[in-house]
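Colleague: Let me see the structure of the following:
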Amino acid sequence: MKPSAPNKVLWAVALIAGILGIVGHLTSVNYLTEYSFILVLIGFVLLAIGTSFKGT
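Modeller: Down below sits the predicted model:
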């Protein structure tokens, strides 16, 4: 399995999910604070999927 760069859309979605998770952890926002860990985890998982499979 050779890693490849994720496409721009997947990378942008992962980046937004990660940033929202970090913001939710650092500040007190209703829904972001509750799901901050899950949002960061989703961002990392999306990046892992994007680099593992070619064409995603």
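Colleague: Tell me where the model's unsure across the protein.
Modeller: 1, 55-56 (pLDDT under 70).
Colleague: Give me the most central residue, it.
Modeller: G43 (1.3 Å; C-alpha atoms, centre = their mean).
Colleague: residue contacts, it?
Modeller: Residues in contact with G43 (C-beta atoms under 8 Å, 6 or more residues apart in numbering) are A14, L15, I16, A17, G18, G21. The way it works is simple: take the backbone N, C-alpha and C, and place the C-beta from them, glycine included.
Colleague: if you set the cut-off to 10 Å instead, what comes out?
Modeller: W11, V13, A14, L15, I16, A17, G18, I19, L20, G21, I22 (C-beta atoms under 10 Å, 6 or more residues apart in numbering).
Colleague: same check, this time on A48
Modeller: P3, P6, A14.
Colleague: List only those of these flagged as buried.
Modeller: Neighbour-count burial (16 or more other C-beta atoms under 10 Å) is assigned, among the contacts of A48, to P6, A14.
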